[in-house]
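Visitor: please find the sequence and the predicted model below.
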Amino acid sequence: MSNGIRFRLSFMMFLEFFIWGSWFVTLGTFLGANLSATGTQIATAFSTQSFGAIIAPFIIGLIADRYFNAEKILGLLHIIGGALMFYLFQSTDFVAFYPVLLLYMILYMPTLALVNSVSFNQMKDPEKEFSPIRVWGTIGWIVAGLSISYVFTWDTVENMASGFLKNTFLMAAIASVILGFFSFTLPKTPPKADRSQKLKISEILGFDALGLLKERNFAVFFISSILICIPLAFYYQNANPFLAEIGVSDPTGKMTIGQISEALFLLLLPIFFKRFGFKKTLLLGMIAWVLRYLLFAFGDADNGLFLLIIGIALHGICYDFFFVSGQIYTDSKAGDKFKSSAQGLITLATYGVGMLIGFFVAGKVSDLYLAADGSHDWQSIWMIPSGIAAFVVIFFLIFFKDESKKQSNLS
């Protein structure tokens, strides 16, 4: 791969996740502070990610894989997305805001697969070449968060009260349009599917891999994956509003510690696989969810700030040790015939079904512990996802049989 192509792919990844990180982290805070949204409404807004994840395979399978170059579809989706983001920037009412956000996420979620397709098409050895390019996506998310807190200071108490958080959508709109036009300069990535063959919806959704659920261990892992998404939804939906409400300064900037941790532990993951195997690595990831929410429950903006920082920093273990290791485990179980279908099934189960349930539960819990003055009983709120994560740990520990003899294949 030439340096020119490497640069273009890295810049594409940077903008792809800069766009998402520009508005997604502060969405709950914005909706509560500026559109007077309830916890249930905020949950409904976050669930657009799940609907986008469910619909995305149809866009990729029915259009991108069969009729048009991936880079052209990527460009078109981001240009339209930029226009939708600009509309959200101007919105003052949740009823008008929600359907536009839903349409945006239906268009954005497929781009996550498209940027991977464009990248892999240029690589001879993806195992070595992809990570140095994909890490620029994490950097993009981090830069977006740091910009919100330390460059523009949109998430200070004064600026949030003045409605400055709406500028996050404007920032995302500008970046989206830039990526949209830049995408047309990316290497050509033509469709590879044979249009003469009849396309099966079951293949698009990954249902061909359902046979893997006949194996007890994979079934236990599959159920655990869905259940652990409930605590994950609490973090996405409530972490930023929680930090802002209790008076933590520069909450969005501090949350980028989680992405830095994610990048670090991604590099350490192979070492943990080799030393501890899949079951212990996955358990460590789930235990980190339990610990994280306990730290959130008992931390505060003053003497307990270090507890909150540790909780944020655990994101790398929480996410990498469960979700990334889970993707690797799924790949090892699927075999050549069902590799794509199995990954599609896990994605649908987690970011689709699991997160949809999680956002719904998180919204109901937030409303349940909402006081008359608009504040929340955060300790009670955080104890619930901690308890759910603890249940998943016990469930997985009891029913997942150790595969230590086979785990060398995952290292």
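Guide: That came through fine. It should be emphasised that the depicted structure is a prediction, and the values quoted were computed from it without experimental measurement. Residues are numbered from 1 along each chain as shown.

Visitor: low pLDDT regions in the stretch 301-411 of the chain?
Guide: Per-residue confidence for the stretch 301-411 of the chain (pLDDT under 70) gives these ranges: 335-341, 403-411.

Visitor: same question, the stretch 51-200 of the chain
Guide: Counting by pLDDT under 70, the low-confidence segments of the stretch 51-200 of the chain come to 60-66, 127, 192-200.

Visitor: which stretches in it count as helices?
Guide: For the stretch 51-200 of the chain, the helices identified by DSSP state H, counting those that start in this stretch occupy 70-90, 94-120, 126-146, 157-161, 167-183, in order along the chain.

Visitor: now those helices in CSV, with distance to A53 and mean neighbour count?
Guide: To be clear about C-beta, it is placed using only N, CA and C from the backbone, and glycine gets the same treatment. As requested, the helices of the stretch 51-200 of the chain are exported to CSV (distance: least, C-beta to C-beta, whole Å; neighbours: other C-beta atoms under 10 Å):
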stretch, distance to A53, mean neighbour count
helix 70-90, 15, 20
helix 94-120, 5, 20
helix 126-146, 17, 19
helix 157-161, 29, 13
helix 167-183, 19, 21
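
Visitor: show me what contacts the residue most central in space within the chain?
Guide: When the chain is reduced to its mean C-alpha position, the closest residue under C-alpha atoms, centre = their mean turns out to be Y351, at 7.8 Å. For Y351, the set of contacting residues under the criterion of C-beta atoms under 8 Å, 6 or more residues apart in numbering consists of 49-50, 53, 229.

Visitor: can you tell me how far W382 is from L15?
Guide: 33 Å (C-beta to C-beta, to the nearest Å).

Visitor: more crowded one of those two?
Guide: Using other C-beta atoms under 10 Å as the criterion, W382 and L15 rank with W382 on top: 27 against 22.

Visitor: and G304, how many neighbours does it have?
Guide: A total of 14 residues lie near G304 under the criterion other C-beta under 10 Å.

Visitor: can you check S36 too?
Guide: 11.

Visitor: go on, G247?
Guide: By other C-beta under 10 Å, the burial measure for G247, its neighbour count, is 12.

Visitor: same question, the one 4 residues further on
Guide: Close neighbours of P251, defined as other C-beta under 10 Å, add up to 28.

Visitor: out of the helices of the stretch 51-200 of the chain, nearest to K280?
Guide: Nearest to K280 among the helices of the stretch 51-200 of the chain is helix 126-146 (23.4 Å), distances taken as C-beta to C-beta.

Visitor: give me the angle between that closest one and helix 94-120.
Guide: Compare the direction of helix 126-146 with that of helix 94-120 by axes from the mean of the first three to the mean of the last three C-alpha atoms, to 10 degrees and you get 150 degrees.

Visitor: who touches helix 126-146?
Guide: Contacts to helix 126-146, defined as C-beta under 8 Å, 6+ apart, come from residues 1, 6, 9-11, 13-22, 25, 115, 119-120, 123, 171, 252-253, 255-256, 259-260, 262-263, 266.

Visitor: residues in contact with the residue lying closest to D250 once chain neighbours are set aside?
Guide: In space, and not counting its chain neighbours, D250 is closest to S149: 3.8 Å by C-beta to C-beta, 6 or more residues apart in numbering. Residues in contact with S149 (C-beta under 8 Å, 6+ apart) are 155, 250-254.

Visitor: list only buried entries from the contacts of helix 126-146.
Guide: Buried residues within the contacts of helix 126-146, counting neighbours by 16 or more other C-beta atoms under 10 Å: 6, 9-11, 13-22, 25, 115, 119, 123, 171, 252-253, 255-256, 259-260, 262-263, 266.

Visitor: mind naming the longest helix for this structure?
Guide: Among the segments of the chain that qualify as a helix by DSSP state H, the longest is helix 251-298.

Visitor: can you list the domains in the protein?
Guide: What automatic domain parsing lists as the domains of the chain is 1-191, 205-411.

Visitor: measure the first one end to end?
Guide: Counting by C-alpha to C-alpha, to the nearest Å, the length from the leading to the trailing residue of domain 1-191 is 21 Å.

Visitor: kindly state the pLDDT recorded for the closest residue to D320 other than its chain neighbours?
Guide: Taking C-beta to C-beta, 6+ apart as the measure, D320 lies nearest to F265, with 4.5 Å between them; neighbours along the chain are not counted. As predicted, F265 sits at a pLDDT of 89.

Visitor: can you give me the neighbour number for E215?
Guide: Residues near E215, counting by other C-beta under 10 Å, number 12.

Visitor: do F51 as well
Guide: For F51, the count of nearby residues is 16 (other C-beta under 10 Å).

Visitor: quick one: contacts for it?
Guide: Taking C-beta under 8 Å, 6+ apart as the criterion, F51 is in contact with 102, 105-106, 356.

Visitor: G363 and E245: what is the separation?
Guide: With the distance defined as C-beta to C-beta, G363 ends up 16 Å from E245.

Visitor: of these two, which one has the most company?
Guide: G363 (26 against 19).

Visitor: part of a helix, is that one?
Guide: Yes - using DSSP: H, G, I helix; E, B strand; the rest coil, the secondary structure at G363 is a helix.

Visitor: ok, and the closest non-adjacent residue to it?
Guide: For G363, the spatially nearest residue (C-beta to C-beta, 6+ apart) is A43, at 2.4 Å.

Visitor: what helix or strand is that neighbour located in?
Guide: According to DSSP states H and E, A43 maps onto helix 39-46.

Visitor: elements contacting that helix?
Guide: Applying 3 or more C-beta pairs under 8 Å, 6 or more residues apart in numbering; DSSP states H and E, one finds that helix 39-46 makes contact with helix 27-34, helix 94-120, helix 216-245, helix 355-368.

Visitor: any idea which of the helices of the stretch 51-200 of the chain gets closest to A390?
Guide: Each of the helices of the stretch 51-200 of the chain was scored for nearness to A390 using C-beta to C-beta, and the closest is helix 126-146 (28.6 Å).
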